[in-house]
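Enquirer: quick one, what's the 3D model for this:
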Amino acid sequence: MFKGNKSNSFTGAVVLIISAFVNLYSTAAFSLSATSESNSAFFIKKQSVKIQAKHGDPNALYLLAKKYRDGKGVPRNIDKSMSYFSEAANKGFAPAQIDLGQMYTNEVGVGQDYEKAYYWFKKAADQNYASAQFNVANLYRTGRGIKVNEDLAFLYYEKSAKSGFVKAQYNLAIMYLNGMGVEKNLAKVAYWYEKAANNGFAMAQYHLANMYSNGEGIDKDLNRALSWYTAASDAGVKDAYDAKIALEGILEKTNKNQATVSEDEKSVLDSEFALQP
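Expert: Below you'll find the predicted structure:
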């Protein structure tokens, strides 16, 4: 919500809120689906995948691992899933390394083990997988499975963010906001919020709107602020909706005042140039 200062001006009306980090661990995305295929074609593909897996093909091993983990097309079997994930991961297949790390993180069929999660996320991160770099950064920042290291957390968020990974862009903005692993820089905060906002990340849209409202790290622009509040509000951010309503009221009042001033100026000009009797 907006809070006015003693002069009731809009300056400082919106307080720049320190954002919460995104801690969700992201997985890779490979799939085997019959959505656009006939049942017979899908059956043939499944048989082909099993044959390839028997010959050690890492992508086939990975697909089977996901099927057994999710129980899609086969009875759910976490032990088989872990076995296939591990075989593919040990062959250096980054998507399997990421999913294996996530299973250790989220206790999917195994006990939670952040050290093993870090091990596998790091393997994939070193192959320049953005989601893995994001996961490694989270672990360095929180000290799970590895000693807290804000410098390395920043480094991995930055790598992931530059590859276009939206959650990393958002978290990188917060690192700049709080001076974690890097010198505090509001211009960089605004830059990375805007990157994430343009990629549809609602909380980035909301915090970017706050920065435009206050002129914090970016030129003050109430119309852009309203646009981003609207986007975040449409995505379900309640605080953005409240700020949007308040800002609309302020802009409406400002526009009315400007219209009144224009009419007064016009009246003065009319009187100056009126024909004298």
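Enquirer: how many other residues sit next to the closest residue to Tyr229 other than its chain neighbours?
Expert: Leaving out its chain neighbours, the residue that sits closest to Tyr229 by Cβ to Cβ, 6 or more residues apart in numbering is Lys244, at 3.9 Å. (Glycine included, C-beta is placed from N, CA and C.) Close neighbours of Lys244, defined as other Cβ atoms under 10 Å, add up to 23.
Enquirer: before we move on, which element is Lys244 in?
Expert: helix 238-272 (DSSP states H and E).
Enquirer: give the contact list for the residue nearest to Tyr229.
Expert: Lys244 is in contact with Leu226, Tyr229, Thr230, Ser233, counting by Cβ atoms under 8 Å, 6 or more residues apart in numbering.
Enquirer: go on, Tyr114?
Expert: For Tyr114, the contacting residues are Tyr104, Thr105, Leu139, Arg144, Gly145, Ile146, taking Cβ under 8 Å, 6+ apart as the criterion.
Enquirer: can you do 6 Å?
Expert: Applying Cβ atoms under 6 Å, 6 or more residues apart in numbering, we find Tyr114 in contact with Arg144, Gly145.
Enquirer: in the protein, where is pLDDT below threshold?
Expert: Where the chain drops to pLDDT under 70, the residues are 1-18, 28-47, 259-277.
Enquirer: and the contacts of Lys244 as JSON lines, adding secondary structure?
Expert: Supplementary listing: the contacts of Lys244 in JSON lines, determined by DSSP: H, G, I helix; E, B strand; the rest coil:
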{"residue": "Leu226", "secondary structure": "helix"}
{"residue": "Tyr229", "secondary structure": "helix"}
{"residue": "Thr230", "secondary structure": "helix"}
{"residue": "Ser233", "secondary structure": "helix"}
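Enquirer: highest neighbour count among those?
Expert: When neighbours are counted by other Cβ under 10 Å, Tyr229 leads the contacts of Lys244 with 29 neighbours.
Enquirer: can you give me the distance of it to Tyr206?
Expert: Tyr229 is 7 Å from Tyr206, where distance means Cβ to Cβ, to the nearest Å.
Enquirer: nearest residue to the middle of this structure?
Expert: Lys167 (2.6 Å; Cα atoms, centre = their mean).
Enquirer: surely that residue and Val22 touch.
Expert: Yes: Lys167 is within contact range of Val22, at 4.6 Å (criterion: Cβ atoms under 6 Å).
Enquirer: other SSEs contacting the helix or strand hosting Gln169?
Expert: Gln169 belongs to helix 166-178 when assigned by DSSP H and E. Identification of packing neighbours for helix 166-178 by 3 or more Cβ pairs under 6 Å, 6 or more residues apart in numbering; DSSP states H and E yields helix 150-162, helix 186-198.
Enquirer: let's have those helices in TSV, adding mean neighbour count.
Expert: Rendered in TSV, the data for the helices and strands packed on helix 166-178 read as follows (neighbours: other Cβ atoms under 10 Å):
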stretch	mean neighbour count
helix 150-162	21
helix 186-198	21
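Enquirer: and of those, who's closest to Gln52?
Expert: When those are compared for distance to Gln52 using Cβ to Cβ, the nearest one is helix 150-162, at 30.6 Å.
Enquirer: show me what that closest one is packed up against.
Expert: Under the contact definition 3+ Cβ pairs under 6 Å, 6+ apart, helix 150-162 sits against helix 130-142, helix 166-178.
Enquirer: pull it out as PDB, backbone CA atoms only.
Expert: Taking only C-alpha atoms (Å, rounded to 0.1, in the frame of the first residue of the first chain), the coordinates of helix 150-162 have been written out as PDB:
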ATOM      1  CA  GLU A 150      27.900 -15.300  -1.100                       C
ATOM      2  CA  ASP A 151      30.600 -14.600  -3.700                       C
ATOM      3  CA  LEU A 152      30.100 -17.900  -5.400                       C
ATOM      4  CA  ALA A 153      26.400 -17.600  -5.000                       C
ATOM      5  CA  PHE A 154      26.500 -14.300  -6.900                       C
ATOM      6  CA  LEU A 155      28.800 -15.800  -9.500                       C
ATOM      7  CA  TYR A 156      26.500 -18.700 -10.300                       C
ATOM      8  CA  TYR A 157      23.300 -16.600 -10.200                       C
ATOM      9  CA  GLU A 158      25.000 -14.200 -12.700                       C
ATOM     10  CA  LYS A 159      26.000 -17.100 -15.000                       C
ATOM     11  CA  SER A 160      22.400 -18.500 -14.900                       C
ATOM     12  CA  ALA A 161      20.800 -15.000 -15.300                       C
ATOM     13  CA  LYS A 162      22.900 -14.200 -18.300                       C
END
